[in-house]
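A.B. asks: Predicted model follows, preceded by the sequence.
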Amino acid sequence: MRILVINYEYPPIGGGGGFVTRDIVEQMSAMGHEITVITSRFEGLSKNEFRNGVKIIRVPVLFRKKAEVASNASMASYLLSCVFYCLSHFKSTSFDIINTHFAVPSGPAGHFLSKRFSIPNVLSIHGGDIYDPSKKTSPHRIPVLSHTVASMLNHASRVVAQSRNTSENAVKYYHVKRQIEIIPLGIKKPMFTKKTRFDLNLPGDAFLFCTIGRLVKRKNIKEALYTLSLLKDSGEFMFLIIGDGPERENLENEVRALGLEENVRMLGNVSDAVKFQTLYASDCYLSTALHEGFGLVFLEAMECGLPIICHDNGGQTDFLINGKTGYLTRVGDIEGTLGSIRLIMKDKDLYQQFSSFNKTLVRDYYIHRCAEKYLDLFRETIVSNH
């Protein structure tokens, strides 16, 4: 198949939705399909690139100053740039299907091109693009965006959600009555050279917690910091934070206010190899995020055998099992999270049970399974469109 992928964010810019798009389309390419991605341009990146079998076209956008965060102007201008480029360079016979990621801002571009070229459009929604409880600008709170999202969901040829939670939010907030397919996300089997804590300049005897993600309010890392500040009587520990974003300065101030300077390291953005080396050297994955559309980072931690402690609000509840993969607590339940942390720190047998279970379960969520389900849906959609 010749597949046009529309996503305003694609690595190295953006967050989880862009990275999983990359992994899916690279897997599709490896399976013999022709993939073209239209994404946003950013300083230092080529306008056109062929990487790992995928053709990447980066169109100009306005006022994107950070790789990890898109401005409103950059998102609006992406829509226009994407449409203009495709109309100028492609014909109606160039592709068999469009796969649009994110209802806004990518959604209207995919919808318009689907109508213009008379080819089906599969819309993939990623959770945060339709519901983000930490944002005043979340689409479900703003009438014009809410109307746009609802229109995209209702008019796409097919809609794919990454989890039951994302599908339920589409129904709850946008009153969607059509069928929504659920295709769980996946991770690539990581290839990295394992390193010791000594190699990574990490304390050998400390209990190491790790978290990964864009530093935004939805990740709610302040709650994790406060919870860990109550652990000072439980032995030596360290909290490793991988990622960057607009909340970094606030979090650094919080670390100082809580007296955790010796217990927290903010590692910033790192390579995939360093990310997995750090996870492998850690003892537990800790997240206090308010909501996750799916939570790929949990799978990455499970691949490295880490027990997971997180909240029970989001798509991660499709695969995380309280008492099996670690512990799920209610949002804001600091005592519950603290109690879960103490159990995992003290009970080595319990720790090993969680670790072994996670290493086995994660095999069901490798990227080839996700790509195969998408390809089956694309074939079915193309046939039904004719």
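C.D. replies: Received the coordinates, thanks.
A.B. asks: all strands of the stretch 101-250 of the chain, in order?
C.D. replies: With strands called from DSSP state E, counting those that start in this stretch, the stretch 101-250 of the chain shows them at 121-125, 158-161, 181-182, 207-212, 237-242.
A.B. asks: got the contact list for the first one?
C.D. replies: Which is strand 121-125. 21, 97-103, 107, 110-111, 113-114, 152-153, 156-162, 166, 170, 374, 377-378, 381 (C-beta atoms under 8 Å, 6 or more residues apart in numbering). All C-beta atoms are positioned from the backbone trio N, CA, C, and that covers glycine.
A.B. asks: if we can go back for a sec, deepest-packed of the strands of the stretch 101-250 of the chain, please.
C.D. replies: strand 121-125 (a mean of 28; mean count of other C-beta atoms under 10 Å).
A.B. asks: Output that strand as CSV, nothing but the C-alphas.
C.D. replies: Only the C-alpha atoms of strand 121-125 are listed here, as CSV (Å, rounded to 0.1, in the frame of the first residue of the first chain):
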residue,chain,number,x,y,z
ASN,A,121,-8.9,8.6,5.8
VAL,A,122,-8.2,6.7,9.0
LEU,A,123,-8.1,9.1,12.0
SER,A,124,-5.9,8.0,14.9
ILE,A,125,-6.7,9.8,18.2
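A.B. asks: can you tell me how far residue 245 sits from residue 62?
C.D. replies: Shown here: residue 245 relative to residue 62, a distance of 20 Å by C-beta to C-beta, to the nearest Å.
A.B. asks: Neighbour count for these two, which is higher?
C.D. replies: residue 245 (19 against 14; other C-beta atoms under 10 Å).
A.B. asks: helix, strand or coil for residue 100?
C.D. replies: strand (DSSP: H, G, I helix; E, B strand; the rest coil).
A.B. asks: Let me know the pLDDT of the residue nearest to residue 287 when sequence neighbours are not counted.
C.D. replies: Nearest residue to residue 287 in three dimensions, chain neighbours excluded: residue 310, at 4.1 Å (C-beta to C-beta, 6 or more residues apart in numbering). On pLDDT, residue 310 comes in at 98.
A.B. asks: burial of residue 310, as a residue count?
C.D. replies: Residue 310 has 29 neighbouring residues, counting by other C-beta under 10 Å.
A.B. asks: Pull the contacting residues for it.
C.D. replies: So residue 310 contacts 285-289, 292, 295, 298, 316, 320, 326, 328-329 (C-beta under 8 Å, 6+ apart).
A.B. asks: Low-confidence stretches in this protein?
C.D. replies: Scanning the chain for pLDDT under 70 picks out nothing.
A.B. asks: Could I get the full set of helices for it?
C.D. replies: 16-30, 72-89, 106-117, 143-155, 164-174, 221-229, 248-257, 272-281, 296-303, 334-346, 348-361, 367-385 (DSSP state H).
A.B. asks: Report the separation between the residue lying farthest from the centre of the chain and residue 358.
C.D. replies: Largest separation from the mean C-alpha position in the chain: residue 233, at 34.4 Å (C-alpha atoms, centre = their mean). Applying C-beta to C-beta, the value for residue 233 to residue 358 is 28 Å.
A.B. asks: next one: residue 217
C.D. replies: 28 Å.
A.B. asks: go on, residue 378?
C.D. replies: Distance, residue 378 to residue 358, by C-beta to C-beta: 31 Å.
A.B. asks: For those two, work out which one has more neighbours and name it.
C.D. replies: residue 358 (25 against 22).
A.B. asks: Indicate which one of the strands of the stretch 101-250 of the chain is closest to residue 253.
C.D. replies: strand 237-242 (13.9 Å; C-beta to C-beta).
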